[in-house]
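Colleague: build me a model from this:
(one chain, ligands or ions: 1)
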Amino acid sequence: MQNHEYDVVIVGAGPGGSGTALHLKDSGLKIALLDKHKFPRDKTCGDGISGKSSTILKELGLFDKIFELPHGPGYGVWMSGPNGVDLIVDSRQENPNAKPHGAVIRRYDFDNFLFNNAKQMPNVDAFEQYTVFDLIKEENNYVGVLAKDKDGNTHEFRAKIIIGADGAGSVVASKLGVAIRDPDHYVSAVRAYYDGVEGMREVIEIHFVEQALPGYFWIFPLEGKKANVGIGMLDRDMRKNKVNLAQLMENLIMQHPKFKDRFANAKRLTNIVGWTLPLGSKRRKPYFNHVLLVGDAAALIDPLTGEGIGNALLSSKLAAITIKEAFQKNDFSENTLKMYDQLLKKHLDPELQTMYRIQRLGSVKWLLNHFFNRVNSKRELRELITSTIVSEDTLKYKKKLTDPIFLIKNLFL
Ligand SMILES: Cc1cc2nc3c(=O)[nH]c(=O)nc-3n(C[C@H](O)[C@H](O)[C@H](O)COP(=O)(O)OP(=O)(O)OC[C@H]3O[C@@H](n4cnc5c(N)ncnc54)[C@H](O)[C@@H]3O)c2cc1C
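Modeller: Numbering: from 1, shown residues only. Sure, this is the predicted structure:
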């Protein structure tokens, strides 16, 4: 057994883990960043880097650099309802010189970029191909983790604070007893890369097809005619209707009147692969004596859009604030670390709750169809949707979308 001693041990080097390290840049804390994979590595995802991710990347001084990676620029969203009616929000309609406010970047490249930036920091030691399999508990405190390296050797990493950033299948959350898979608050999704997709417009495409409501089929454009294509659905509905997601996706591509011509000459470049999304509509307790959970390990994914990168980055920022406070006080107990939960309550819960309410409304097919029928003729509604997508303060507008008076006025009067 080899022993390592750090101030902070971060389990998982995705956006949540690398983000936490990046936010601790000038902290002077000695950090171990562990991941079971060797980077670059793939992560099943839609690869959509949203406005929220962009905001945090700007704060970290990394936003402009992401456009040096292979990418498709993101100028907005193309949505359609179960009735096939389209709504296209493209920031270039208002301003032809608008810059992209997001991008589609393969996680193979994006995560490698974040990880390399974290790894280069003098206070970070990166350990690739180290798989964490247990927490070390002494009395009531978690004082470290046990990991196996690629040769099967066991290592003990001790630290004042452990960050569980190990994603949807988090070992850390599971050892803490909070990784409960509730089918009402979990989504399953599949995706594959295609080339030769016609009619893309440098905006992400979210199509609410009847078979997946309130989930959706997506086409997220990469370079040229390449795209990340996938579909996601609530576990509860998938089980109830015995849906095979990969089959459903292929059927939509081959048979759906809206997509079949666009995919007529397209070629699938990869296998169809799937993974799970723990939704923030039921987030977990994220703080324990000496431990914080960030990103998917804390179940922070947007319940409507399935976006989790932005919330993983945001939670990494809030975790870093909490870590600095704990080191200042030299107190790593739950009592101090609950500050992290308070920050999540303030900065994330209102949005998660609003998006959950919209998700519930979106599961009602006639209402969603009615929304798409009205949205193109009701200027106020259209402007509101645009603002929820392109503005800096999207929450203000998202909240309005669940305001009954606004909805009645715009949908029924
Ligand atoms: C099909 C699909 C489509 C999606 N599309 C989008 C999208 O377009 N936009 C968006 O914003 N979000 C999307 N999401 C959600 C997004 O992928 C996640 O929310 C995001 O990856 C969370 O980041 P994270 O750092 O918390 O976890 P992850 O990105 O999963 O990173 C966890 C890291 O921990 C490592 N790890 C795991 N276990 C261990 C262990 N035991 N020991 C050591 N290391 C370990 C893993 O190797 C990995 O590197 C999608 C998810 C799915 C499944």
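
Colleague: what's the weakest-modelled helix or strand in this protein?
Modeller: helix 394-401 (a mean of 74; mean pLDDT, DSSP states H and E).

Colleague: for that one, packing partners?
Modeller: The contact analysis (3 or more Cβ pairs under 8 Å, 6 or more residues apart in numbering; DSSP states H and E) places helix 394-401 against helix 349-362, helix 379-390. Placement of C-beta: from N, CA and C, glycine included.

Colleague: rerun that using 10 Å as the cut-off
Modeller: Applying 3 or more Cβ pairs under 10 Å, 6 or more residues apart in numbering; DSSP states H and E, we find helix 394-401 packed against helix 51-59, helix 349-362, helix 379-390, helix 404-412.

Colleague: next one: the first one to chain centre, how far?
Modeller: Meaning helix 51-59. Centroid displacement of helix 51-59 relative to its chain, using Cα atoms, centre = their mean, to the nearest Å, is 13 Å.

Colleague: Pro96 - how many residues pack around it?
Modeller: The local packing of Pro96 (other Cβ atoms under 10 Å) involves 7 other residues.

Colleague: who does Leu146 bridge with?
Modeller: Asp134, Glu156 (DSSP bridges).

Colleague: now do the contacts for it.
Modeller: Met1, Thr131, Val132, Phe133, Asp134, Leu135, Ile136, Thr154, His155, Glu156, Phe157 (Cβ atoms under 10 Å, 6 or more residues apart in numbering).

Colleague: I figured Tyr16 was touching Ala173, is that so?
Modeller: One correction, residue 16 is Gly, not Tyr. No - the pair Gly16 / Ala173 is not scored as a contact, 11.8 Å apart, by Cβ atoms under 10 Å.

Colleague: list, one by one, the residues from this structure near the ligand.
Modeller: Residues of the chain lying near the ligand by Cβ under 6 Å from any ligand atom: 11-17, 34-37, 43-48, 50, 131-132, 165-168, 171, 189, 191, 230, 275, 277, 295-297, 301, 306-310, 312.

Colleague: longest helix in the chain, by residue count?
Modeller: Longest helix of the chain, by residue count under DSSP state H: helix 309-329.

Colleague: residues touching the residue in the stretch 151-300 of the chain that the ligand sits nearest to, list them.
Modeller: Residue nearest to the ligand within the stretch 151-300 of the chain: Gly295 (2.1 Å; Cβ to the nearest ligand atom). By Cβ under 10 Å, 6+ apart, the contact set of Gly295 is 12, 14-17, 19-20, 163-168, 170, 278, 286, 301, 308-309, 311-316, 319.

Colleague: same thing but 7 Å
Modeller: By Cβ atoms under 7 Å, 6 or more residues apart in numbering, Gly295 lies in contact with Gly14, Pro15, Gly16, Ala165, Gly167, Gly308, Ala312, Ser315.

Colleague: Lys365 too?
Modeller: Pro82, Glu210, Leu213.

Colleague: drop anything exposed from those residues.
Modeller: Pro82, Leu213 (16 or more other Cβ atoms under 10 Å).

Colleague: what's across from Leu279 in the sheet?
Modeller: Here Leu279, judged by DSSP bridges, has bridge partners Ile301.

Colleague: tell me, how many residues neighbour it?
Modeller: Leu279: 27 neighbours (other Cβ under 10 Å).

Colleague: before we move on, what about Thr336?
Modeller: Thr336, neighbours per other Cβ under 10 Å, totals 18.

Colleague: any idea how far it is from Leu314?
Modeller: Between Thr336 and Leu314 the distance is 20 Å, computed by Cβ to Cβ, to the nearest Å.

Colleague: poorly predicted segments of the protein, please.
Modeller: 390-393 (pLDDT under 70).

Colleague: gap between the nearest residue in space to Ile56 that is not next to it in sequence and Val171?
Modeller: Spatial nearest neighbour of Ile56, excluding adjacent residues (Cβ to Cβ, 6 or more residues apart in numbering): Leu313 at 4.2 Å. For Leu313, the distance to Val171 equals 21 Å [Cβ to Cβ].

Colleague: over to Leu34?
Modeller: From Leu34 to Val171 the distance is 11 Å (Cβ to Cβ).

Colleague: look at those two and report which has more neighbours.
Modeller: Leu34 (27 against 22).

Colleague: using the three-state scheme, assign the more buried one.
Modeller: strand (DSSP: H, G, I helix; E, B strand; the rest coil).

Colleague: my guess is it contacts Tyr130. True?
Modeller: Yes - assessed by Cβ atoms under 7 Å, Leu34 is found in contact with Tyr130 at 4.6 Å.

Colleague: anything in contact with each of these two?
Modeller: Ala147.

Colleague: nearest spatial neighbour of the residue nearest to the spatial centre of the chain, chain-adjacent residues omitted?
Modeller: With distances taken as Cα atoms, centre = their mean, the residue of the chain nearest its centroid is Gly308 (1.2 Å). The shortest distance from Gly308 to any non-neighbouring residue, by Cβ to Cβ, 6+ apart, is to Ile301 (4.0 Å).

Colleague: for Lys338, same thing?
Modeller: Nearest one to Lys338, counting by Cβ to Cβ, 6+ apart, is Tyr287 at 5.3 Å.

Colleague: count of residues packed around the one you found?
Modeller: Neighbours of Tyr287 (other Cβ under 10 Å): 23.

Colleague: one step back: any common contacting residues for Leu34 and Val171?
Modeller: With Cβ under 7 Å, 6+ apart, Leu34 and Val171 have common neighbours Val132.
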